[in-house]
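S.K.: here are the coordinates; sequence isn't available:
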């Protein structure tokens, strides 16, 4: 998820987020912003990078994003949303997709109409997070909205919300008629969620998975420059684990990346 302004200003932290490897393909970059011209410029810049999909964020519920008219706020401004999609499509050499929510609140469920707008504006696919802006990340995702969107458009629909296992993936596909499923927060600290078979992690398997994650971080990043973020992700590996709170406290107390590696391998 990248700010169109950060990209057009060529801010180093933004450019670093575009770094990828062949093993990550297909690789998508999600743009957010509320100014069609700046979004178009950002999309054109992305043509010079090795990626597969340009996604437009029209579902972020964070208030600082909403205040700027971006994210989920665009669902309340369909004319502007359509112009942004058209401009990005016109300036991108990659397929453009759009992610949005069920609507602004439960009195404004507009996802089917918004999906048709995205399709008419040139989007190659849409992703629906089956919660409203007012829900944030709370409550249950209403998969019925995804089914309504799948009925409303002819482009692929990707379902999102409350998917935590391969069984949930199959259930969403069966219940909604969507063509693909996106897993978001459930994957944080739980890479095994993508396994086809059900997997119940043990303390040792969590440690092994995190140790591999730390190996990859050391290979591709400068870990001591982003130690805080690394510790945040590392702590998530022990969510729901007996004694997990004590392990997280030890993780957060680590002063260096090597300290963290030693703790996890001990």
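M.R.: Sure thing, it's come through. In this text, all values refer to a predicted model and were calculated from it rather than measured experimentally.

S.K.: grab the longest helix from this protein for me.
M.R.: Criterion DSSP state H: the longest helix present in the chain is helix 203-220.

S.K.: which residues are contacting that helix?
M.R.: The contact list for helix 203-220 (CB atoms under 8 Å, 6 or more residues apart in numbering) reads 19, 21, 191-192, 199, 201, 223, 230, 233-234, 237-238, 241-243, 257, 260-261, 264-265. Placement of C-beta: from N, CA and C, glycine included.

S.K.: where do the strands sit along the stretch 151-266 of the chain?
M.R.: Counting by DSSP state E, counting those that start in this stretch, one finds strands in the stretch 151-266 of the chain at the ranges 157-160, 180-182.

S.K.: just the buried members of the contacts of helix 203-220?
M.R.: Buried subset of the contacts of helix 203-220 (neighbour count, 16 or more other CB atoms under 10 Å): 201, 223, 230, 233, 234, 237, 238, 257, 260, 261, 264.

S.K.: give me the phi and psi for residue 32.
M.R.: For residue 32, the backbone dihedrals (degrees, to the nearest 10) come out as phi -130, psi 150.

S.K.: which one of the buried ones among the contacts of helix 203-220 sits closest to residue 121?
M.R.: Among those, residue 233 lies closest to residue 121 (CB to CB), at 35.2 Å.

S.K.: list the contacts of the nearest residue to residue 131 once chain neighbours are set aside.
M.R.: Among residues not flanking residue 131 along the chain, residue 141 sits closest, at 5.3 Å (CB to CB, 6 or more residues apart in numbering). Residue 141 is in contact with 129, 130, 131, 160, 161, 162, counting by CB under 8 Å, 6+ apart.

S.K.: surely the fifth one meets residue 135?
M.R.: Meaning residue 161. No - between residue 161 and residue 135 there is no contact under CB atoms under 8 Å: 9.5 Å.

S.K.: more neighbours, the two?
M.R.: A count of neighbours by other CB atoms under 10 Å puts residue 161 above the other of residue 161 and residue 135, at 27 against 20.

S.K.: distance-wise, check the residue lying closest to that one once chain neighbours are set aside relative to residue 47.
M.R.: Closest residue to residue 161 apart from its sequence neighbours, by CB to CB, 6+ apart: residue 141 at 2.8 Å. Separation of residue 141 from residue 47 (CB to CB, to the nearest Å) stands at 34 Å.

S.K.: neighbours of residue 140, how many?
M.R.: Using other CB under 10 Å: residue 140 sits among 10 other residues.

S.K.: for it, give its distance to residue 161.
M.R.: 8 Å.

S.K.: and if you look at residue 213?
M.R.: 25 Å.

S.K.: assign residue 30 to helix, strand or coil.
M.R.: Residue 30 falls in the strand class when you classify it by DSSP: H, G, I helix; E, B strand; the rest coil.

S.K.: could you chop this structure up by domain?
M.R.: 2-187, 203-265 (automatic domain parsing).

S.K.: related to what we said a few turns ago, let's have the contacts of residue 141 in TSV, adding pLDDT and distance to residue 15.
M.R.: Below are those laid out as TSV (pLDDT from 0 to 100; distance: CB to CB, whole Å):
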residue	pLDDT	distance to residue 15
129	98	27
130	98	33
131	98	32
160	98	27
161	97	31
162	96	34
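
S.K.: any chance of these in TSV, with distance to residue 249 too?
M.R.: Shown next, in TSV, are those (distance: CB to CB, whole Å):
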residue	distance to residue 249
129	32
130	35
131	32
160	32
161	31
162	29
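
S.K.: give me the neighbour count for residue 107.
M.R.: So residue 107, with other CB under 10 Å, has 8 neighbours.

S.K.: list the contacts of it.
M.R.: No residues are in contact with residue 107 under the rule CB under 8 Å, 6+ apart.

S.K.: just the one 3 residues further on next, same as before
M.R.: Contact criterion CB under 8 Å, 6+ apart gives 75, 102, 103, 104 as the residues in contact with residue 110.

S.K.: so which of the residues you listed comes closest to residue 111?
M.R.: For these, with residue 111 as the reference and CB to CB as the criterion, the closest is residue 102, at 4.9 Å.

S.K.: on the pLDDT front, check the closest one for me.
M.R.: We have a pLDDT of 98 for residue 102.
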